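Visitor: Build me a model:
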Amino acid sequence: MPRRFPYGPVHRCPRCGDPVDPLQAGERDGGCRRDACRREARARRLAHEDDGERRRRSEGAARLRARGENPGAGPWTVVPANDAGPVPLAPTARADFRRHLRRVLADLEATGPSPPEWGSVGGAGTPGTDEAAAIARACATCRGWCCRRGGTHAFLDARSLERVILRDPTSTTDDIEAAYLAHLGATHLEGGCVFQGPAGCRLPRDLRSDTCNDWLCPDLRAQRARWTEGGESPDDTRFVAVPAAGSLKKS
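Guide: The predicted structure follows:
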């Protein structure tokens, strides 16, 4: 019978086999915090991630060939794939969004808006026209994998709604609420944001949250670095949707 601490049994590190107090386990797999074990765990995680990205790249090349394109004919990159289809928007989802919007607007009405600190796309500065067009193509190819987290709040927070208010200071909270509700559709993509339709976001860009306007997925951040540092052209870059490793069913 294993030795017990006052608060539980002793486990063993899955890598080195030494006893590990469960309250002191420092890794996702319950391993110990010894430097050697942590280095080994990190190396395994990186190797697993690299292997997953190699598989995605290989599948991306196969998908390009399937649509009659030569993978070697120019720059291309994989982006996540959202295979969700449209489903009816539940009445509770509409009510939940309205409740969230009213709560944020009420907080702003109580405190008063202040000029927002404008974000930067991907944390790396606002993209130029060519990059912005390429990013829009990439997101259309992906069909909004990151939008699934928008739920019934659409990432709208005080900072985002401050921007909306400052754009038209004469707007009342009722005006703003009506503007958002007018863009809710009868359907949305299953499991996604209330504004996520089959053709993309139903909100105009000036009503979207700062998160929606600024966020770049890891695939696009890496590709943007290749545009900036590797000399690749945004205009010439092709995009192919491949499910992120371990996250999505195949198309």
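
Visitor: Find the residue at the geometric middle of this structure.
Guide: With the centre of the chain defined as its mean C-alpha position, the nearest residue by Cα atoms, centre = their mean is residue 146, 3.3 Å away.

Visitor: ok, the closest residue to it other than its chain neighbours - contacts?
Guide: Nearest residue to residue 146, sequence neighbours excluded (Cβ to Cβ, 6 or more residues apart in numbering): residue 217, at 5.7 Å. No exception for glycine: its C-beta is placed from N, CA and C like everyone else's. By Cβ atoms under 8 Å, 6 or more residues apart in numbering, the residues touching residue 217 are 79, 80, 142, 145, 146.

Visitor: mind running it again at 10 Å?
Guide: Residues in contact with residue 217 (Cβ atoms under 10 Å, 6 or more residues apart in numbering) are 79, 80, 122, 138, 139, 142, 145, 146, 223, 244.

Visitor: what's the closest of those residues to residue 97?
Guide: Nearest to residue 97 among the contacts of residue 217: residue 146, at 18.2 Å, using Cβ to Cβ.

Visitor: hang on, isn't that closest one packed against residue 201?
Guide: No. Residue 146 lies out of contact with residue 201 (Cβ atoms under 10 Å); the separation is 11.1 Å.

Visitor: so what's in contact with the two at the same time?
Guide: Contacts common to residue 146 and residue 201, judged by Cβ under 10 Å, 6+ apart, are 139, 192, 193, 212.

Visitor: before we move on, back to that, closest one of the contacts of residue 217 to residue 162?
Guide: Using Cβ to Cβ, residue 122 comes nearest to residue 162 of the contacts of residue 217, at 21.6 Å.

Visitor: For the closest one, give me the pLDDT.
Guide: You'll see residue 122 listed with a pLDDT of 38.

Visitor: May I see the buried residues of stretch 128-137?
Guide: Going by neighbour count (16 or more other Cβ atoms under 10 Å), the buried part of stretch 128-137 is 131, 134, 135, 137.

Visitor: quick one: pLDDT of the first one?
Guide: As predicted, residue 131 sits at a pLDDT of 91.

Visitor: CA atoms only for the strand or helix carrying it, dumped as PDB, please.
Guide: Using DSSP states H and E, residue 131 sits within helix 129-142. Coordinates of each C-alpha in helix 129-142 appear next as PDB, following Å, rounded to 0.1, in the frame of the first residue of the first chain:
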ATOM      1  CA  THR A 129      -4.300  46.900 -47.300                       C
ATOM      2  CA  ASP A 130      -2.700  43.800 -49.000                       C
ATOM      3  CA  GLU A 131      -2.300  42.000 -45.700                       C
ATOM      4  CA  ALA A 132      -5.900  42.800 -44.600                       C
ATOM      5  CA  ALA A 133      -7.300  41.500 -47.800                       C
ATOM      6  CA  ALA A 134      -5.200  38.300 -47.400                       C
ATOM      7  CA  ILE A 135      -6.400  37.900 -43.800                       C
ATOM      8  CA  ALA A 136     -10.000  38.300 -44.900                       C
ATOM      9  CA  ARG A 137      -9.500  35.500 -47.500                       C
ATOM     10  CA  ALA A 138      -7.900  33.300 -44.900                       C
ATOM     11  CA  CYS A 139     -10.800  33.800 -42.400                       C
ATOM     12  CA  ALA A 140     -13.300  33.100 -45.200                       C
ATOM     13  CA  THR A 141     -11.500  29.800 -46.000                       C
ATOM     14  CA  CYS A 142     -11.500  28.900 -42.300                       C
END
